[in-house]
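In: compute the structure for the input listed below.
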Amino acid sequence: RRLRVRKSLFGPLLLLVADVYLKMKLIVALALSSASAFVSPVAPSATVKVQETKADLEKLAVELNPIVGFWDPLSLADAEFWDTTNEQTIGFLRHAEIKHGRVAMAGFVGYCLHA
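Out: Alright, predicted model coming up:
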């Protein structure tokens, strides 16, 4: 009878420990097996870099909006920031415009949610 009392006391505890142990093994196994999910795939290197010149911008502007065409009132397409080439400056400005546009859109959504 004494053995039954011990089994009845330790039975649920043993089941809990076994359950926790199995869950820990599962977590470790999943963590080790999915570690490759956090490694970026190796992409083939691009042989062509996209660097646009002012002529490319003028051509694109006419194609996209023939009414306005190319409009650069601050002459930023001719600028060369931080001793870089004109193409690098155009790439920097394009990247900055996209980034700030996304921030502005997120801010507008936040304003709409809180207003």
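In: break down the chain into its helices, ranges please.
Out: Per DSSP state H, the chain carries helices over the ranges 2-33, 54-64, 86-114.
In: pipe those into JSON lines and attach mean neighbour count and mean pLDDT per row.
Out: No exception for glycine: its C-beta is placed from N, CA and C like everyone else's. Formatted as JSON lines, those follow (neighbours: other C-beta atoms under 10 Å; pLDDT from 0 to 100):
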{"stretch": "helix 2-33", "mean neighbour count": "10", "mean pLDDT": "67"}
{"stretch": "helix 54-64", "mean neighbour count": "13", "mean pLDDT": "92"}
{"stretch": "helix 86-114", "mean neighbour count": "11", "mean pLDDT": "93"}
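In: rebuild those as JSON lines, extending it with distance to Leu76.
Out: Converted to JSON lines, these look like this (distance: least, C-beta to C-beta, whole Å):
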{"stretch": "helix 2-33", "distance to Leu76": "48"}
{"stretch": "helix 54-64", "distance to Leu76": "10"}
{"stretch": "helix 86-114", "distance to Leu76": "6"}
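In: quick one, which of those is nearest to Phe70?
Out: Smallest distance to Phe70 across these (C-beta to C-beta): 4.0 Å, for helix 54-64.
In: and the closest one with helix 86-114, angle?
Out: Using axes from the mean of the first three to the mean of the last three C-alpha atoms, to 10 degrees, the direction of helix 54-64 lies 40 degrees away from that of helix 86-114.
In: could you say what helices and strands helix 54-64 packs with?
Out: The contact analysis (3 or more C-beta pairs under 8 Å, 6 or more residues apart in numbering; DSSP states H and E) places helix 54-64 against helix 86-114.
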